[in-house]
Structure formats: structure tokens, C-alpha cells
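Asks: structure here, sequence nowhere to be found:
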Ligand SMILES: [Zn+2]
Ligand SMILES: [Zn+2]
């Protein structure tokens, strides 16, 4: 399997022990053959960074290449690595990366709904479920319009609304998802099957799978979207074979056929 969304210690929210060397070791142990490093980034050339994002600029995230150079041949063997990033989207076309800087990365992921970042990504006071759904939908569509973006990180994952995942997602009609994913398909954006999202709260169906995500991703598959897997791991405990096995069970149930290498299908 592949895993295109893996953080390292270069992300401020990751464990300090999550060096590239350690993460590669865990990825190989979980039988991942193709991996993408995607640390959080806000390009300093774009005004409006948050205090949290400011140190996580292009030079910082690209320092992963020095770390990679320091690895032994043995450590590098047996896995194909891509060096990407996970930038940010805060609405009204404002994305934390310039097209020029995007060229420095093998791929760019953009998260449409990092709504746990209050007063930055998520407007304060946004609580009503219908209003949350409406903004998530709009942000998804806007992110599809960013040319340099390869894929959408954890689309429609409810962040920042603990205990309300099912309440928010169940309000989307199948046709809403159809409209969103048909648009993503028309813009050739890769839809992320986010391993962490599959483990989040929410009603499980009779197969033990997250019912709302299964409904969503089945529709995305019917729309002809392309997909990638993203562990969103910030530490090695999130890179276990068990977690990827559940992900495979989920994609099978949705009828999704995964590419070996989503960046080179
Ligand atoms: Zn994210
Ligand atoms: Zn992430």
C-alpha cells in the first residue's frame, strides 16, 4: 500500500521523536511501498500566516531533504519517497502557498476544513450544523479550484466539533456529495482516504466501518474520482499494519481500487 500523508517532527504538532529516519522505519514495517511526506506549511511569501504556521515555512519544510541525505542506503532502500507538504486554506481563495513555491514540492495537499483552527480557518461563532455544512461544502469546492493542488487532505472530515460528526455529516444529501465529488473529478483532484478519519467518532455500520465516511467515499468513487491513502500520522503509533488493514477493508467496501503509486499511476 501507499501512504501519501505522513508528518515528521518538522510539523509543530508532531512528536519530536518523529524524525524522518524513525518514520521511514515504521512505514517499511507496515509494508508501505510508496510514501509521501507532507508536513504542515505556510509559505512566508503569502501574507496572513498565523503565529503557529509562521515558523513552518518553505525552507523549514524543505530541510527534510538534508535529513534524507543523512540516511544510510539501507535506510532508504525498500520504499519510494516523495517530498510534499500540507498547506492551508482559509477561505476567499486564500491558500498558504504560492504557485512558484508549490513547484519545489513533489505534491501539495490542501485541507479544506481545518476547522479546529478557530478564528483562522474557521470563523468564530460558526456552530449551527447547517452553517458548518455549507461552509465545508464551499471550501471544498474552492480548494478544487487551486491549480497546483494535487489532492484534498481529509475531505469532509469534521474537525473542531467533538461529538457532532454524525450530526454534521448526516445532513449532507447524497446529491450534495455528488456535486462536490463530480467537481473534484472535473478538476482532477485526488481524494484522500484519511486513515485517522476512519478511526474518528461516528456510527459504525454492520461491517464495523464508519458509516458516514463510507457513504461519502462510495459516492466519490461513483463520481470517478481518483484517490490516495493518507495516514496523517504524526507519530509511529499511527503507522501500524492494523490501521492500514482497516483502511483496505474500507476502500474495498467502497469499491475503490487503489493505485500503487498515486503520483505515478
Ligand atoms: Zn490536516
Ligand atoms: Zn496532516
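Replies: Perfect, I can see it now. What you are looking at is a predicted structure, and each value in this text was computed from that prediction instead of being measured. Ligands and ions are numbered 1, 2, ... in the order given.
Asks: the nearest residue to residue 195 once chain neighbours are set aside: what's it in contact with?
Replies: Taking C-beta to C-beta, 6 or more residues apart in numbering, and ignoring the residues beside it in sequence, residue 195 has residue 231 as its nearest neighbour in space, at 4.5 Å. In short, each C-beta sits where N, CA and C put it, glycine included. By C-beta atoms under 8 Å, 6 or more residues apart in numbering, residue 231 lies in contact with 3, 5-6, 195-196, 238-239, 243-244.
Asks: one more: residue 245?
Replies: Neighbours of residue 245 in contact, by C-beta under 8 Å, 6+ apart: none.
Asks: equivalent analysis for residue 114, please.
Replies: Applying C-beta under 8 Å, 6+ apart, the residues contacting residue 114 are 88-89, 121-122, 159.
Asks: from the residues you listed, pick the one nearest residue 249.
Replies: Closest to residue 249 out of the contacts of residue 114 is residue 159 (23.6 Å), distances taken as C-beta to C-beta.
Asks: where does that closest one sit: helix, strand or coil?
Replies: Secondary structure for residue 159, judged by DSSP: H, G, I helix; E, B strand; the rest coil, is coil.
Asks: any idea how far it is from residue 255?
Replies: 26 Å (C-beta to C-beta, to the nearest Å).
Asks: do the same with residue 143
Replies: Counting by C-beta to C-beta - residue 143 and residue 255 are separated by 24 Å.
Asks: now residue 240
Replies: Separation of residue 240 from residue 255 (C-beta to C-beta) stands at 25 Å.
Asks: of residue 143 and residue 255, who's got more company?
Replies: residue 143 (23 against 10; other C-beta atoms under 10 Å).
Asks: element containing that one, please.
Replies: helix 129-144 (DSSP states H and E).
Asks: again with residue 68
Replies: Assigned by DSSP H and E, residue 68 falls in helix 64-69.
Asks: any buried residues in that helix, and which?
Replies: By 16 or more other C-beta atoms under 10 Å, the buried positions in helix 64-69 come out as 64, 67-68.
Asks: where along the chain do the strands fall?
Replies: With strands called from DSSP state E, the chain shows them at 2-6, 34-40, 80-86, 108-110, 151-152, 190-194, 226-230.
Asks: in a markdown table, list those along with mean neighbour count and distance to ligand 1.
Replies: Output for the strands of the chain, formatted as a markdown table (neighbours: other C-beta atoms under 10 Å; distance: least, C-beta to the ion, whole Å):
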| stretch | mean neighbour count | distance to ligand 1 |
| --- | --- | --- |
| strand 2-6 | 27 | 8 |
| strand 34-40 | 26 | 7 |
| strand 80-86 | 22 | 6 |
| strand 108-110 | 25 | 8 |
| strand 151-152 | 28 | 10 |
| strand 190-194 | 25 | 8 |
| strand 226-230 | 24 | 9 |
